[in-house]
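**Q** Pasting the sequence and the predicted coordinates here, then a few questions.
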Amino acid sequence: MRKKLLAVLLASMFAANAWAENKTINIAPQDMPAALHSLASQTGIQLLFSAEDLKGIQAKAISGSMSAEDALARLLEGTNYTFRASGSGTYVIKAAPSPIKSDQKMQEMPEVVVTATRTERRVDEVTASVSVLTTKALATKNRQNVNDALRDMEGLDFTNQPGVAHQVFPIIRGVGGSFAGSTTQVLVDGMAHDSVVSSVMGHGGLNFTAMQDVERVEVVRGPVSALYGPSTIGGVINVIPKRWKGEAGVELNTSYGTHNTQTVGVAVGTARDNFDVRLSVYDAKSDGYKSVSVADQWGGYDLGGHDWKDSKIGLMAGFRPADNHEVTFNFQQYGTRSAGGYGGRPNERQNTDGQSATLGYRFDMSADTNIKANFRSTDLKQEYTFDNWDWNGLINPGVVTAADMALASSGGRTSKSTFFQLLVDTRLVAGNQLTVGYSHDTGEHEQSGSPVGGATWVTGSKSKVDALFIQDEHKFGALTLTGGARYDRINLSPITDGGVPVNGSSSVANVFNPRLGARYHLTDSTSFYASVGTAYLPATNTFKFVQPSTTRVDNPNLDPETSTTYEAGMNNRLGFGTLRTAIFHTDYKGKITFGTDPVSGKRQWQNIAVVKVDGIEAALQGNLGYGWLPYINFSYTKAEDQAKAGAVFTQAKRVAPRKLNLGITYEPNSTWSATLNGRAVSGLYFNNLTPAQWSGGYFQADAKVSAKLPFGGEKWEAFLASNNLTDKKYQPSNIGEWSDGRTFTIGIDGKF
């Protein structure tokens, strides 16, 4: 029987370093998993272990005053199991290794993830390619935001909105973007932040959580519309925020770097057996850098750096009023102020704001069944302004005057959304896990513009999505079969202009998406999986109904964009690390683009574009002993577009065919560590397939050295980091918009 991983996470309590202080502990003779539960409850430590591994092992009685670690050692004494610390007050229990040389390491237990199935599963149990970015991995690199950290994963990259801090669009496995919306969905704690009708830049997800508040990030590659609905053709990114663990305290993160880049983050919190709360604030700013130093193809250039300011607030709280019941509350808010398409021009600006409130409830009816309900309300806002230079061009070519810098036009987008989901997880029979859910989402989106001296215009749209989904997982010895499906009913209200319906047209779409997968464990350390699944992007009324217009005609029969992906992969736990590989093929059909109506001869949005993607991925996370922790991953993505039926397939834009990430951390002890990593990206096309829009490949390297300070009981750490170590000049986002040069950052992180 395959082993199930059980995470026992109980909030730490009492005084500082509770796990190291002596406590009166009383544990009766009983089954080992029950004894470990009792120890966690009495001491506040957190334990991660396999319940099935330890089932049948009898724990002896222990009683008296002792530390949590001493008690844990006594419980495991005489068994074939040992433990290791994994952070303050957290311990991983695993089988004791055979005698090994000092330069070898025991195998780590596989990470537990929730995104791929909506329930806790080991990475090597799900039928998908999954990566996990942990707090520890984040700490080894100097990254300003979550998306920069995620670039180091295989098969994942981002395209930036020019000149806007932290506004990015993720691309997984080369399916790129679409007129219909994003092909990768970003979740925070398992839920979306934006509706299907919204076009607010960035869609909020990666903006809400500061690096200091990230517990981990899970990336699931491949179609998951069977679980999460629209916008998951490439996959999903799930940012899981931190909750407070341990005694009351304060966390401080601060840094200063090149371009007068300053960051300050503070978090306070406490945890007890029946509640935990964490409140954090984050503030950062930068003078930015000049990325368009000479006139681009539109005649614009920077007069100064692309300055930005970014602030965030986060509140995570959990209350446990009774056994088996938990109520959670999460509030997040962000505000970004930055240069627009060009830097150093006071009326060329972009601002984004967002706030989100989430209320959750979990009821564990039994060891086999739990119910989860969550409600989220979000509000996103984007504002932008343009100067005369950008809007109308220079008054006198080659000469910049005050009149060119004056405000020419302003506009914005807003999105208000609500999300409700209800999940039931139950085990019907041994080896079976059934998940059934319902979700109800609503969205209201408005877009406005106001040219100086002209009339203000406002258009709006509304959406409502009801969904039912089911997933069943069953184990047959070494084989696990998973099947799931989701039905979405999408109601779209008429497009409005100034609050008045433009043509009175509304629409309803019914979409069904299945997914099947299987994983076979050849050994405890090696498993293979295969899967097939579908995903979609809805066709909104913005494309179906375009009247009044003299050049375009409606297309009420426009269908959703759809994709089918076939995938196979393997997971290996080796003596020197873990290896993950995958091969996949995606047919992405019915992409919405402009065509010609055969009756009227006018332009019309039609389902005519096609994308085909073939790719391979491989990732190795190593542990060579003596503190050496290397990693390397590679992805090859052959993404080809067909704009019209029968046309020649061409390379997909903004997709790099090859991407290599590699690096190594040297951590000889708990006092200091050093990391060197790099990213090699092959050339790609921007906007069109002309040589003028081709960006050559590049290799970019970063480094970071961290050391514990000789005070505060190893709770304070200083670091020195350099990004773009070789001062490489490259174009990561657009032609003519160059990367930052070599940057340096110093910082201090601590707890008190």
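**A** Perfect, I can see it now.
**Q** Which other helices and strands does whichever strand or helix holds residue 434 contact?
**A** In this structure, residue 434 is located in strand 432-451 according to DSSP states H and E. Contact here means 3 or more C-beta pairs under 8 Å, 6 or more residues apart in numbering; DSSP states H and E; on that basis strand 432-451 packs against strand 407-426, strand 457-476. Using the backbone N, CA and C atoms, a C-beta is placed for each residue, glycine as well.
**Q** wait, what's in contact with the closest residue to residue 288 other than its chain neighbours?
**A** With sequence-adjacent residues excluded and distances taken as C-beta to C-beta, 6 or more residues apart in numbering, residue 288 is closest to residue 305, at 3.3 Å. Residues in contact with residue 305 (C-beta atoms under 8 Å, 6 or more residues apart in numbering) are 259, 286-290, 339, 343-344.
**Q** could you redo the last one with a cut-off of 6 Å?
**A** Contacts for residue 305 (C-beta atoms under 6 Å, 6 or more residues apart in numbering) come out as 287-290, 343.
**Q** Any chance of JSON lines for those residues, columns pLDDT and distance to residue 602?
**A** Below are the contacts of residue 305 laid out as JSON lines (pLDDT from 0 to 100; distance: C-beta to C-beta, whole Å):
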{"residue": "287", "pLDDT": "95", "distance to residue 602": "49"}
{"residue": "288", "pLDDT": "91", "distance to residue 602": "44"}
{"residue": "289", "pLDDT": "89", "distance to residue 602": "45"}
{"residue": "290", "pLDDT": "88", "distance to residue 602": "44"}
{"residue": "343", "pLDDT": "92", "distance to residue 602": "41"}
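**Q** export those to JSON lines and tack on neighbour count, secondary structure and distance to residue 378?
**A** Formatted as JSON lines, the contacts of residue 305 follow (neighbours: other C-beta atoms under 10 Å; DSSP: H, G, I helix; E, B strand; the rest coil; distance: C-beta to C-beta, whole Å):
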{"residue": "287", "neighbour count": "16", "secondary structure": "coil", "distance to residue 378": "31"}
{"residue": "288", "neighbour count": "22", "secondary structure": "coil", "distance to residue 378": "28"}
{"residue": "289", "neighbour count": "20", "secondary structure": "coil", "distance to residue 378": "32"}
{"residue": "290", "neighbour count": "18", "secondary structure": "coil", "distance to residue 378": "35"}
{"residue": "343", "neighbour count": "23", "secondary structure": "coil", "distance to residue 378": "30"}
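**Q** Identify the farthest-apart pair in these.
**A** Greatest spacing in the contacts of residue 305, by C-beta to C-beta: 287 and 290 (10.3 Å).
**Q** any low-confidence regions in the protein?
**A** For the chain, residues meeting the criterion pLDDT under 70 lie at 1-21, 52, 86-88, 97-110, 161-166, 712-713.
**Q** List the beta-bridge partners for the residue nearest in space to the middle of the chain.
**A** The C-alpha lying nearest the average C-alpha coordinate of the chain belongs to residue 237 (C-alpha atoms, centre = their mean; 3.3 Å). With DSSP bridges applied, residue 237 shows beta-bridge pairing to residue 186, residue 219.
**Q** Show the subsequent helix or strand relative to the one helix or strand residue 661 maps to.
**A** Take DSSP H and E as the rule and residue 661 turns out to sit in strand 658-666. Once the chain leaves strand 658-666, the next helix or strand it forms, by DSSP H and E, is strand 672-681.
**Q** helices or strands up against that following strand?
**A** Helices and strands touching strand 672-681, by 3 or more C-beta pairs under 6 Å, 6 or more residues apart in numbering; DSSP states H and E, are strand 658-666, strand 698-708.
**Q** List the contacts of the nearest residue to residue 546 once chain neighbours are set aside.
**A** Leaving aside its sequence neighbours, residue 546 sits nearest to residue 552 (C-beta to C-beta, 6+ apart; 4.4 Å). When contacts are counted by C-beta under 6 Å, 6+ apart, residue 552 is found next to 546, 602-603.
**Q** Are any of the residues you listed buried, and if so which?
**A** Neighbour counting over those (16 or more other C-beta atoms under 10 Å) leaves residue 546 as the buried ones.
**Q** so which of the contacts of residue 552 comes closest to residue 112?
**A** Nearest to residue 112 out of the contacts of residue 552 is residue 546 (C-beta to C-beta; 48.2 Å).
**Q** Then the closest one would be within a strand, right?
**A** No: counting by DSSP: H, G, I helix; E, B strand; the rest coil, residue 546 falls outside a strand, being coil.
**Q** Residue numbering should commence at 36 henceforth.
**A** Sure, I'll start counting at 36 from here, so that last one is residue 581.
**Q** Check the gap between it and residue 265 for me.
**A** Counting by C-beta to C-beta, to the nearest Å, the gap from residue 581 to residue 265 is 22 Å.
**Q** now the farthest one out in the chain, which residue is it?
**A** Farthest-out residue of the chain from its mean C-alpha position, per C-alpha atoms, centre = their mean: residue 431, at 46.2 Å.
**Q** Dig out what that residue forms beta bridges with.
**A** residue 434.
**Q** how close does it get to residue 438?
**A** Residue 431 sits 9 Å away from residue 438, going by C-beta to C-beta.
**Q** now swap in residue 605 and tell me
**A** Plainly put, residue 605 is 64 Å away from residue 438 if you go by C-beta to C-beta.
**Q** And residue 238, by the same measure?
**A** To residue 438, residue 238 is 36 Å away according to C-beta to C-beta.
**Q** Compare those two and say which is more crowded by neighbours.
**A** It is residue 238, of residue 238 and residue 438, that has more neighbours when counted by other C-beta atoms under 10 Å, with 27 against 12.
**Q** Residue 407 bridge partners, please.
**A** Beta-bridge partners, per DSSP bridges, of residue 407: residue 397, residue 458.
**Q** Quick check, it in contact with residue 399.
**A** No: under the criterion of C-beta atoms under 6 Å, residue 407 is not in contact with residue 399, lying 9.8 Å apart.
**Q** which one of the two has more residues nearby?
**A** Per other C-beta under 10 Å, whichever of residue 407 and residue 399 has more neighbours is residue 407, with 20 against 15.
**Q** quick one: residue 390 and residue 221, what's the gap?
**A** Relative to residue 221, residue 390 is positioned 16 Å away (C-beta to C-beta).
**Q** Could you list everything the closest residue to residue 451 other than its chain neighbours pairs with in the sheet?
**A** Excluding its sequence neighbours, the residue lying closest to residue 451 (C-beta to C-beta, 6+ apart) is residue 479, at 4.7 Å. Bridge pairing for residue 479 (DSSP bridges) gives the partners residue 451, residue 497.
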